[in-house]
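> Predicted model and sequence below, questions to follow.
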Amino acid sequence: MYDQALKQNKDSMIQSLQELIKIKSVREPAKGDMPFGEGIQKSLEYILALGEKMGFKTKNIDNYAGYIEFGEGKEMIGVLCHLDVVPEGDNWTFNPYGGEISEGKLYGRGTLDNKGPAIASLYAMKTLKDSGFIPKKRIRLILGTNEESGSACIKHYLSKEEKPSVAFSPDADFPVIHGEMGIIVFDLERTFEDADPDGGIEILSLKGGNAPNMVPDYAEAKLLETKPIKEIVEAYNATRNAHIDYTKEGEYTILKSHGISAHGSTPEKGVNAISQLVGLLDLIDIQIGDQSNFIRFLANHIGMDTDGKNMGVGLDDAYNALVLNLGMIDLDQNSGKVTINIRYPITLKELKIKLGIDNTVRGTYIEMKNWKCAPPLFFPPSHPLVETLMNVYREKTGDIDSKPITIGGGTYARSMPNAVAFGALFPGAVDTMHQKDEYIVIDDLYKMTDIFTLAIKKLSE
């Protein structure tokens with residue numbers, strides 16, 4: 001009943017996504033009444049204005065979040081999206097905020113995570129409205145603004161607005177996500193008090209990473225080279241398939257580690273530039289002391305591994321195995337701090353992970369700080385919401401063999417009752433979320449809009 005309306009909206013949908021991508025919505029310090037910075041504010045204002053232009057009711061909730069609503073009724077169907085993006089990182093082929101199209105793909109930070117699905121959801125609502133559909137329940141597209149850095153936006157929304165009766169978040173994968181792993185973010189910190197001037201190489205600084213939930217694609221160390229290491233760097237690159245550049249800046253040696261970014265929930269898909277550099281430093285004769293002990297701890301207990309085994313948390317269950325990402329490091333001659341992101345299996349308890357790490361760091365003078373945990377989310381595959389969305393997916397794709405899945409990623413579904421993630425990455429598609437040259441296949445954008453249109457229709461009938 002809505003096919004013609006869907007076709008008519010295709011060109012304007014692409015244009016809207018391009019315009020939204022051109023707004024750099026990375027979190028910045030608060031500015032006036034903009035809690036997450038000017039770029040995020042502009043993204044929120046843009047999409048709310050777009051929704052209003054389409055004839056929908058809109059509301060800005062104190063610049064923390066907003067919504068676009070269609071229809072009347074006591075019950076409400078929620079679609080949960082976010083407008084903020086992780087930092088772009090380095091080495092893009094395309095402008096990360098250009099919205100460029102090449103060979104059927106639209107490039108830019110946020111095209112998959114999560115601006116593309118947000119635009120698809122909005123145009124799904126417009127498609128239903130244009131086709132004359134009258135929902136029996138309100139349909140509300142809820143738009144958060146700091147999902148990538150704490151989700152204070154949704155907490156604020158929930159303090160001011162009602163919860164949906166049922167909801168989905170197109171911020172993961174198809175077909176349907178019936179379970180999300182627990183997410184832990186924490187720091188390991190140590191103050192460096194003792195150093196032995198034994199003639200070893202001095203590490204003046206070591207920095208890398210943009211966000212805990214990104215595999216860092218760049219890290220840099222500044223050294224005072226008391227003995228030559230250039231040949232060691234070359235051998236390390238050759239034997240470990242590493243990419244570390246050796247350069248001199250006056251008396252200082254600069255080591256630049258190049259990795260491959262990936263989402264923190266799938267660190268095995270990337271190459272961790274911090275871990276790569278720490279592994280090299282572990283092999284050279286660095287000055288003995290608290291600093292070198294901290295670096296060697298990271299090399300021995302994390303290294304290039306992503307399964308957490310050497311940190312004492314190599315755990316799994318029937319659904320998933322734990323994954324660990326060393327996301328950020330900030331180290332100088334006085335102190336060192338790393339930020340770690342863990343995704344833990346659905347059936348396990350947070351305390352088990354905390355005890356495992358505590359046992360590993362005990363006696364090292366390394367402290368665990370800033371511990372934050374989002375518990376797992378789980379619905380049985382037989383849950384009515386899961387079954388409804390699975391039926392929509394099967395009807396639209398013809399894929400009758402796929403089953404609901406669990407993931408390491410975390411979505412807004414955790415924050416609402418009766419909510420699951422639904423899309424937007426199709427099985428077999430290349431996942432470029434949190435990576436350089438993030439893109440969405442334009443045909444997939446059309447396809448997901450069609451799926452969301454039917455899903456919203458079914459849930460609101």
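It's in.
> so how far is residue 455 from residue 418?
14 Å (C-beta to C-beta, to the nearest Å). The C-beta positions use only the backbone N, C-alpha and C, and glycine is treated the same way.
> what does residue 326 give?
37 Å.
> So which of the two has more stuff around it?
Higher neighbour count among residue 326 and residue 455: residue 326, with 30 against 25, using other C-beta atoms under 10 Å.
> could you give the mean pLDDT of the helix or strand where that one lies?
Per DSSP states H and E, residue 326 falls inside strand 323-332. Across strand 323-332, pLDDT averages out at 98.
> cool, and stretch 421-429?
Computed over stretch 421-429, the mean pLDDT rounds to 95.
> Identify each buried residue in it, please.
Neighbour counts over stretch 421-429 (16 or more other C-beta atoms under 10 Å) mark 421, 422, 423, 424, 425, 426 as buried.
> can you pull the contacts of the nearest residue to the fifth one once chain neighbours are set aside?
Yep, that's residue 425 we're talking about. Nearest residue to residue 425 in three dimensions, chain neighbours excluded: residue 173, at 4.7 Å (C-beta to C-beta, 6 or more residues apart in numbering). For residue 173, the contact set (C-beta atoms under 8 Å, 6 or more residues apart in numbering) comprises 405, 407, 421, 423, 424, 425, 426, 427.
> The helix or strand hosting residue 372 packs against which elements?
Counting by DSSP H and E, the element that carries residue 372 is strand 367-374. Judged by 3 or more C-beta pairs under 8 Å, 6 or more residues apart in numbering; DSSP states H and E, strand 367-374 is in contact with strand 182-191, helix 350-361.
> Given that strand, what are its sheet partners and their directions?
Next to strand 367-374 in the sheet, as set by DSSP bridges, lie strand 182-191 (antiparallel).
> Need the contact partners of the strand it pairs with.
Under C-beta under 8 Å, 6+ apart, the answer for strand 182-191 is 212-213, 290, 294, 334-346, 348, 350, 353-354, 357, 361, 364-376, 410.
> Now do the helices in the stretch 51-200 of the chain.
For the stretch 51-200 of the chain, helices defined by DSSP state H, counting those that start in this stretch occupy the ranges 115-130, 152-160.
> which sections of the stretch 201-350 of the chain are below the confidence cut-off?
Along the stretch 201-350 of the chain, no part satisfies pLDDT under 70.
> And the strands in it?
If DSSP state E, counting those that start in this stretch is used as the criterion, the strands of the stretch 201-350 of the chain fall at 202-208, 218-224, 244-249, 252-258, 323-332, 335-344.
> want to throw those strands into CSV with distance to residue 151?
CSV is the format used below for the strands of the stretch 201-350 of the chain (distance: least, C-beta to C-beta, whole Å):
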stretch, distance to residue 151
strand 202-208, 25
strand 218-224, 26
strand 244-249, 35
strand 252-258, 31
strand 323-332, 17
strand 335-344, 14
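> Of those, which is nearest residue 286?
Closest of the strands of the stretch 201-350 of the chain to residue 286 is strand 202-208, at 5.9 Å (criterion: C-beta to C-beta).
> Could you pull out the buried residues of that closest one?
Quick answer for strand 202-208 (16+ other C-beta under 10 Å): 202, 203, 206, 207, 208.
> residue contacts, the third one?
Read it as residue 206. Going by C-beta under 8 Å, 6+ apart, residue 206 touches 219-222, 277-278, 281, 295, 329-332, 336.
> And residue 106, by the same measure?
Contacts for residue 106 (C-beta under 8 Å, 6+ apart) come out as 14, 17, 18, 21, 99, 100, 116, 439, 440, 442, 445.
> Among those residues, which one sits closest to residue 272?
The shortest gap between residue 272 and any of those belongs to residue 439, at 22.8 Å (C-beta to C-beta).
> Can you check the pLDDT for the closest one?
Value listed for residue 439 in the pLDDT field: 98.
> picking that back up, kindly write the PyMOL command that selects the buried subset of the contacts of strand 182-191.
Buried residues within the contacts of strand 182-191, by 16+ other C-beta under 10 Å, are selected in PyMOL with:
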select buried, resi 212+213+290+294+336+337+338+339+340+341+342+343+344+345+346+348+350+353+354+357+361+365+366+373+374+376+410
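> Good, we can wrap up now.
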